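Trainee: A predicted structure for the sequence below; I have some questions about it.
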Amino acid sequence: MAGEPKKLSRPILYIDGAVCLVLLMMVMSGVFIAGKIGPDDKSPDLQGSLYKPTKIYRAEKQHITEYYEAVGTVRPKTETRIEAQITGRILEIPVRPGEKLKKGKILVLLDDRESKTKLDQARLALTSAKARKEKAKEGRLSARAVLNQAESSYKRLKTLFDSDIVTSHELEAAESTYLQAKARLEQAEEALKEADSEVLRVEKTIEQSRIALGYTRILAPEVGEVEKRLAEPGDLAWPGKPLLIIQTRGELRLEAQVIEGLILCVPLGAELETVITALNESLKGIVEEIVPSADPMTRTFLVKIGLPHHESLFPGMFGRLLIPIEEKEIIVVPKDAVLNIGQMEVVTILENNRWKKIFVKTGKEIDNHRLEILSGLDGGEQLALKRKEDE
């Protein structure tokens, strides 16, 4: 029909759409914008004579040590479990977790009434034992006096009997008296020994009661800090039951799990680098102990590294042990020389007296100012800082 617009064929519509899509992609990739690098550009010129960098660096080759990082935890070198030496009811625990301790500070008070009663009874028993000992001494003195008198009479009558002055009957009576006195003295000596032994036994009982009474006051064995409190007033304490855990400050170490394939890389006495994440710094440590058997579940060995004193270092902090594995050569450049364009990384180098951009692939940060270059540079290239207009 006349006057109606002609319909475009379907192939022409597809061609027009494809052209528009290509143009849109070229615009987005910066093909029509001066100074931008397209994805297929390998070494775009910067009109070398016009580009004058303010500072020139050089891609350097550097030998570094590759490390394996074994994770671990900071722990005190000594942890003391505080337990009661006797059974008793807890009256008071005047310390809390985190509290710093001096040697001799009271940690736990137990009910001491039973111990005091036993000590008082032992003291009364000692008084009685000493009285019996004094009585035994007096008995021995009396028996010795009787024996001396009987012995003298027996000897005198024996002399008279030899002279036929006294009869045999009188001599036998004197001898019997002498032997009886001698037996009584031996009995008195034995009684004195028993009394003396009783005094010694009761004195030991008093000492034991005094020690038991001292056990009702549990004191800090050394300077440290309360790590855990495992009991409360009113609880029953007995030998073997932990009441508190005390840790020593300033005597800390990193306990790390090292895989079995690297255990030979951490010999005893070796000085290794440790990184404490919370402190954001590294500390030199000495390998002090290696548990001589691996964990069958994780196939790792427990390695304990002594750490130097640090005011901000606390037990329980996360740390890493850096175990040297191998030496290798890498290429490093300043971080300010690397320009990020999307997911691509570009540096500006001087080649044949012209500055041009080339693509590189970076690795890990060497420090706060330099990056490792994995590919794109061979080392020795002159680099320019990225320009503000490139950012």
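Mentor: In hand now; what should we look at?
Trainee: Show the contacting residues for residue 289.
Mentor: Residue 289 makes contacts with 268, 303-304, as judged by Cβ atoms under 8 Å, 6 or more residues apart in numbering. The way it works is simple: take the backbone N, C-alpha and C, and place the C-beta from them, glycine included.
Trainee: can we see that at 7 Å?
Mentor: Going by Cβ atoms under 7 Å, 6 or more residues apart in numbering, residue 289 touches residue 304.
Trainee: Figure out the helix or strand that it lives in.
Mentor: strand 281-290 (DSSP states H and E).
Trainee: Quick one: name whatever helix or strand follows that strand.
Mentor: strand 300-306.
Trainee: Would you mind measuring from residue 150 to residue 175?
Mentor: 9 Å (Cβ to Cβ, to the nearest Å).
Trainee: What's the first helix or strand after the longest helix along the chain?
Mentor: Longest among the helix segments of the chain by residue count, using DSSP state H, is helix 113-162. Remark: after helix 113-162, the chain's next helix or strand is helix 168-214, criterion DSSP H and E.
Trainee: helices or strands next to that following helix in the packing?
Mentor: helix 113-162 (3 or more Cβ pairs under 7 Å, 6 or more residues apart in numbering; DSSP states H and E).
Trainee: residues contacting residue 247?
Mentor: 76, 79, 224-225, 227, 315.
Trainee: Show the low-confidence segments of the stretch 151-300 of the chain, by residue range.
Mentor: 249-250 (pLDDT under 70).
Trainee: likewise the stretch 1-150 of the chain?
Mentor: If you take pLDDT under 70 as the line, the stretch 1-150 of the chain has these spans: 1-54.
Trainee: all helices for it, in order.
Mentor: 10-28, 113-162 (DSSP state H, counting those that start in this stretch).
Trainee: nearest to residue 327, of those?
Mentor: Closest of those to residue 327 is helix 10-28, at 45.2 Å (criterion: Cβ to Cβ).
Trainee: didn't residue 330 look like it was pressed against residue 64?
Mentor: Yes. Between residue 330 and residue 64 there is a contact at 5.8 Å, judged by Cβ atoms under 7 Å.
Trainee: thinking again about what came up before, counting neighbours, which bits of the strand holding residue 289 end up buried?
Mentor: Neighbour counts using 16 or more other Cβ atoms under 10 Å place 283, 285, 287, 290 of strand 281-290 among the buried residues.
Trainee: could you give the angle of that strand to strand 300-306?
Mentor: Counting by axes from the mean of the first three to the mean of the last three Cα atoms, to 10 degrees, strand 281-290 lies at 120 degrees to strand 300-306.
Trainee: Partner strands of strand 281-290 and their direction?
Mentor: strand 271-276 (antiparallel), strand 300-306 (antiparallel) (DSSP bridges).
Trainee: hmm, back to that, mean neighbour count, the helices of the stretch 1-150 of the chain: which tops it?
Mentor: helix 113-162 (a mean of 15; mean count of other Cβ atoms under 10 Å).
Trainee: now for it, which elements pack on it?
Mentor: helix 168-214.
Trainee: what inclination does the helix it packs on have with respect to helix 113-162?
Mentor: 160 degrees.
Trainee: joint contacts of residue 150 and residue 175?
Mentor: Joint contacts of residue 150 and residue 175 (Cβ under 7 Å, 6+ apart) do not exist.
Trainee: most packed of the strands paired with strand 281-290?
Mentor: strand 300-306 (a mean of 20).
Trainee: Just give me how far that one sits from the chain centre.
Mentor: 11 Å (Cα atoms, centre = their mean, to the nearest Å).
Trainee: what's the answer for stretch 89-99, then?
Mentor: 22 Å.
Trainee: just stretch 137-151 next, same as before
Mentor: 72 Å.
Trainee: With stretch 103-117 instead?
Mentor: With Cα atoms, centre = their mean, you get 29 Å for stretch 103-117.
Trainee: same deal with stretch 206-217?
Mentor: 33 Å.
Trainee: do the same with stretch 145-158
Mentor: 81 Å.
Trainee: ok, residue 330 and residue 64, which is more surrounded?
Mentor: Set residue 330 next to residue 64 and count neighbours by other Cβ atoms under 10 Å: residue 330 wins out with 18 against 14.
Trainee: For residue 220, grab the count of nearby residues.
Mentor: Using other Cβ under 10 Å: residue 220 sits among 20 other residues.
Trainee: wait, doesn't it sit right on residue 108?
Mentor: No. Counting by Cβ under 7 Å, residue 220 does not reach residue 108; the two are 10.2 Å apart.
Trainee: Could you check stretch 208-215 and say which residues are buried?
Mentor: Quick answer for stretch 208-215 (16+ other Cβ under 10 Å): 209, 212-213, 215.
Trainee: Format the residues you listed as CSV; extra columns: distance to residue 170.
Mentor: Below are these laid out as CSV (distance: Cβ to Cβ, whole Å):
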residue, distance to residue 170
209, 58
212, 63
213, 64
215, 68
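Trainee: Which of the strands paired with strand 281-290 sits closest to residue 319?
Mentor: strand 271-276 (4.8 Å).
Trainee: ok, residues contacting that closest one?
Mentor: 74, 254, 266, 282-287, 305, 307, 313, 317, 319-323.
Trainee: Dump the buried residues of strand 281-290 to JSON lines, plus distance to residue 139.
Mentor: Shown next, in JSON lines, are the buried residues of strand 281-290 (distance: Cβ to Cβ, whole Å):
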{"residue": "283", "distance to residue 139": "77"}
{"residue": "285", "distance to residue 139": "74"}
{"residue": "287", "distance to residue 139": "73"}
{"residue": "290", "distance to residue 139": "71"}
